[in-house]
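Participant: Sequence unavailable; structure follows:
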C-alpha cells in the first residue's frame, strides 16, 4: 500500500514534535514518508525558536537570553526527546560495554555521568554559538536557528536510509531504520542545502558559503556519530536518532557562529 503524503507529514510531526498532529498510520510506508519530511519539522521548530528569540531581542533582552530561549523552544516542543536520546547515547558509548549491555544502559530511565556531561557541553555550545550570532545580527541569528534545526532533522532522514540496520527489533529506531531509499535521502539533502544557500543569499555571497558549510558540517558530524554507533551497537535506536539530531544542530551552529 502506498502512503499518501499527508500520512508522512503526520508521522513526521506526530513523532518528532509535540505539535497536535495525530499519527494515522504506523507502518513502513508512513515511516518512509515521515522521515523524508523530517526537515520540514525542523523548519517549523526552527522558525518558532527564531520567533521567540527575535521577540525577546525586540523587547530589549540580551543576545544571551535570546539564545537560551531559542535553544529552549525545540527542547520543549519535542519534550526533550532528542536531548534525552543524546544523553542515553553518550551513556551507552561511554560505558565501554558490549552492545547488549550498552543498549540496556541506554534503556534505563536515569542519566549517567557521561550523559550529564554531554548534555551540559552541547547546550552550552548551542547557547554560546547562538548568542554570538544574535549579537552580530538579529537576522543572522534567526537564520542560524532555522538552518541548524533543519540540518538536525536532515540528519535523521539520512540516518534512516537503506542499509542502516536497527539495533533492536522494537522501538522508534526499528520503525524507521532503513526506510528511506538512498535516492530519496540524496534529494532531500540537496533540497535542504539549496534552501539554506538561498536563505544565506539574502545576506550576501559569504553567507551562502557559510550556510552551506553549516549544513555540510552538521551532516558530517552526525554521520561520524552514526557510523560509530552502528559499529558499537549493531545499528540505530531511537536514542541514537536523538543524539544525531543534537550533534548536527550543534555542529551547524558552531559553523554559523564563525567568521572566516
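Facilitator: It's in. None of the values given here were measured: they were computed from a predicted structure. Numbers count the residues shown, from 1 in each chain.

Participant: residues contacting residue 91?
Facilitator: By C-beta atoms under 8 Å, 6 or more residues apart in numbering, the residues touching residue 91 are 105, 106, 111, 112, 114, 115. C-beta coordinates here come from the backbone N, C-alpha and C atoms, glycine included.

Participant: quick one: which of these has the most company?
Facilitator: With neighbours taken as other C-beta atoms under 10 Å, the top of the contacts of residue 91 is residue 106, carrying 26 neighbours.

Participant: Pull the residues that contact stretch 20-28.
Facilitator: Residues contacting stretch 20-28 (C-beta under 8 Å, 6+ apart): 1, 3, 7, 9, 10, 11, 13, 14, 15, 30, 175, 179.

Participant: closest to residue 253 among these?
Facilitator: Minimum distance to residue 253 across the contacts of stretch 20-28 is 23.0 Å, recorded for residue 13 (C-beta to C-beta).

Participant: Just give me how far whichever helix or strand residue 10 is part of sits from the chain centre.
Facilitator: Taking DSSP states H and E as the definition, residue 10 sits inside helix 5-16. The chain centre lies 16 Å from the centre of helix 5-16; the measure is C-alpha atoms, centre = their mean, to the nearest Å.

Participant: what does stretch 71-91 give?
Facilitator: For stretch 71-91, the separation from the chain centroid amounts to 10 Å (computed by C-alpha atoms, centre = their mean).

Participant: for stretch 106-124, same thing?
Facilitator: So, by C-alpha atoms, centre = their mean, the centroid of stretch 106-124 is 17 Å from its chain's centroid.
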